[in-house]
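>>> dropping a prediction and its sequence here:
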Amino acid sequence: MTDEPTAALGFPLPAPSFAVRIFTLCDHAEAVAANSKLYINGAGVSAIWTANVPGPLTPLYLALRLAVPWQHTTEPFNIKIRALNADRSPVGRDPLFELDPEIGRPPGLRPWDESAINGAFGIGGLPIQEYGTIYFHLEVAGETLAVHPLKITPMPAGHPR
């Protein structure tokens, strides 16, 4: 008897490509390598109000969990996070973050087991020049896998800061 999952048993094999499991804006995030956990607080941010434009973005984080296919676990791959405006021009430095991780294969990892990498990226302080929407692009191995919009709107009159 084998423990390999099959379609007949109702266990689909993982996709042979990178897959985004989490890509969200939040109030705080922390990726802890020691226990492979991603701690997220205040997730799902899609809009903020501010009276300080131009000025720095309030404290925010991008939280990421990326499934890594078996064939990419023993070789480095490129991850970029970019911030683009509605005209697709960079907001701040471009890319905001770039890394080339290699996650490896721990003992006992089988080809159908999912491997993943977590990330928490602080984006507070990003220079905001105008109201509108910033689009955070996640690019992995040269392919855009996810886009998360953040709408920057003026603070309503009479709203406490």
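Sure, I can see it.
>>> so what's Gly122 bridging to?
Note on Gly122: beta-bridge partners by DSSP bridges are Tyr61.
>>> off-centre distance for the lengthiest strand in the chain?
If you go by DSSP state E, the chain has its longest strand at strand 143-154. Put simply, strand 143-154 sits 11 Å off its chain's centre (Cα atoms, centre = their mean, to the nearest Å).
>>> as a check, name the ranges of all strands in the chain.
19-26, 28-32, 37-41, 47-50, 55-56, 61-68, 79-84, 97-99, 115-122, 127-128, 132-140, 143-154.
>>> return the list of helices and strands in contact with the last one.
In other words, strand 143-154. Other helices and strands packing on strand 143-154, by 3 or more Cβ pairs under 8 Å, 6 or more residues apart in numbering; DSSP states H and E, are strand 19-26, strand 47-50, strand 132-140. In short, each C-beta sits where N, CA and C put it, glycine included.
>>> got the buried residues for it?
Leu145, Ala146, His148, Leu150, Ile152 (16 or more other Cβ atoms under 10 Å).
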